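> here are the coordinates; sequence isn't available:
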């Protein structure tokens, strides 16, 4: 079984608990607020964690100097609680005020830590990562992450270096700043995890998935397949479905299908259909689709249209007996739709724990832009 607690892909950052709590707090209200925060942490109530962390910070402002480590720790607690609710990037517009507040708190902590620990102290890594995760502008996130990597690399802690590089990849990979250097962060972290962690360690499995997904996106099929198969293997020990396992199966379906290895993809179609927490009677889910060709003669005439089809998805996820229900635009649309649909793969429907044939339908639209 995989070790560790499963966390979202983009989050390697934990709430920072204060290590220097006042033993003789002059304000009972502050002590109560911090006690409420600790209770909320134990209960896992995210809304209450954020509310009590905010209360503790605001009361702490009346007790501690603005440049103190104690206030910085309280800021980290509140920022981490906010981040857990608004991250990862890209942020929803409604969350931007909260994101900005979290970033402000991380910056406060970073400033105070620099004063007390020094400008190259390992203690700066946590607020730097937090600031990067909550920075609206990718360039600001990149600057924070480069600083964190520089600090980490001056240590002899291989795990820390790998964690920071993977955090940098996760934050920047879906931005305009994604480069070969950013790509290399994930691959370097993966190589380190392989060296120092057992094969079922969660950080190693997550890194294996990330590198496999990159190889998949770059169409390095022969490199992607063994990596994704390793992810599937490790998550098979769990009695529930992890999103990485679901994605790995889906990637493998497409990889095998685009290589023409339809039999190899079948096992992964079935695995997806069986995955919990899907309902026992989960409907078929499309896993691999080829886009119908737009008839050249229709393009020249700027003809648009659509085709509605019904078909059977068998117990192995193959499409059988596609039939035209209705169409508009011409018979060539119908012909191309049938040819494309015959190449699709589905996760089959399951009833009472067993894959079964089931009917499905789809509409394919043809539009000239």
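Thanks, I have it. Remember, it's a predicted structure, so these values are computed and weren't measured experimentally.
> least trustworthy helix or strand in the protein by mean pLDDT?
strand 285-288 (a mean of 74; mean pLDDT, DSSP states H and E).
> Walk me through which strands it pairs with, and which way each runs.
strand 345-347 (antiparallel) (DSSP bridges).
> now the partner strand, how far from the chain's geometric center?
Relative to its parent chain, strand 345-347 has a centroid offset of 23 Å by C-alpha atoms, centre = their mean, to the nearest Å.
> Could you list the residues in contact with it?
253, 257, 262, 265, 269-270, 272-273, 282, 284-288, 313, 317-319, 360 (C-beta atoms under 8 Å, 6 or more residues apart in numbering). From N, CA and C alone the C-beta is placed, and that goes for glycine too.
> List phi and psi for residue 177.
Torsion angles at residue 177 (phi, psi; degrees, to the nearest 10) stand at phi -100, psi 10.
> Tell me how far residue 318 lies from residue 113.
As defined by C-beta to C-beta, to the nearest Å, residue 318 lies at a distance of 58 Å from residue 113.
> same thing with residue 171?
Using C-beta to C-beta, one gets 20 Å for the distance from residue 171 to residue 113.
> Show me what secondary structure element comes after the longest helix anywhere in the chain.
Assignment by DSSP state H gives helix 96-117 as the longest helix of the chain. Downstream of helix 96-117, the first helix or strand assigned by DSSP states H and E is helix 125-133.
> so what does the host helix or strand of residue 70 touch, helix or strand wise?
Residue 70 is part of helix 69-86 when elements are defined by DSSP H and E. Under the contact definition 3 or more C-beta pairs under 8 Å, 6 or more residues apart in numbering; DSSP states H and E, helix 69-86 sits against helix 46-60, helix 96-117, helix 125-133.
> other SSEs contacting the first one?
Judged by 3+ C-beta pairs under 8 Å, 6+ apart, helix 46-60 is in contact with helix 28-43, helix 69-86.
> Worst mean pLDDT among the ones you listed?
When the helices and strands packed on helix 46-60 are compared on mean pLDDT, helix 28-43 scores lowest, with a mean of 87.
> and the angle from that one to helix 69-86?
Here helix 28-43 runs at 40 degrees with respect to helix 69-86, directions being taken by axes from the mean of the first three to the mean of the last three C-alpha atoms, to 10 degrees.
> Buried residues in helix 28-43, which are they?
By neighbour count with 16 or more other C-beta atoms under 10 Å, helix 28-43 contains the buried residues 30-31, 33-34, 36-38, 40-41.
> Kindly report the same for stretch 62-72.
Buried residues in stretch 62-72, counted by 16+ other C-beta under 10 Å: 64, 68-72.
> Below-threshold pLDDT in the stretch 1-150 of the chain: ranges please.
Counting by pLDDT under 70, the ranges of the stretch 1-150 of the chain that qualify are 1-27.
> circling back to that earlier point, who's more crowded, residue 318 and residue 113?
The neighbour count for residue 318 versus residue 113, taken as other C-beta atoms under 10 Å, is higher for residue 113 (23 against 20).
> list the contacts for the more buried one?
69, 72, 121, 123-124, 127 are the contacts of residue 113 under C-beta under 8 Å, 6+ apart.
> at 10 Å instead, please
Residues counted as contacts of residue 113 (C-beta atoms under 10 Å, 6 or more residues apart in numbering) are 69, 72-73, 76, 119, 121-128.
> and what of residue 334?
Counting by C-beta under 10 Å, 6+ apart, residue 334 makes contact with 292, 305, 307, 309, 324, 326-327, 364.
> Which single one of the residues you listed is nearest to residue 341?
Of all the contacts of residue 334, residue 309 has the smallest distance to residue 341: 6.2 Å, by C-beta to C-beta.
> In the sheet, which residues pair with the closest one? Tell me.
With DSSP bridges as the criterion, residue 309 is bridged to residue 324, residue 362.
> right, and it touches residue 335 too?
No - using C-beta atoms under 10 Å, residue 309 is not in contact with residue 335, being 11.8 Å away.
> Common neighbours of these two, please.
Shared between the contact lists of residue 309 and residue 335 (criterion: C-beta under 10 Å, 6+ apart) are residues residue 324.
> neighbour-wise, which of the two wins?
Of the pair residue 309 and residue 335, residue 309 is the one with more neighbours under other C-beta under 10 Å, namely 21 against 15.
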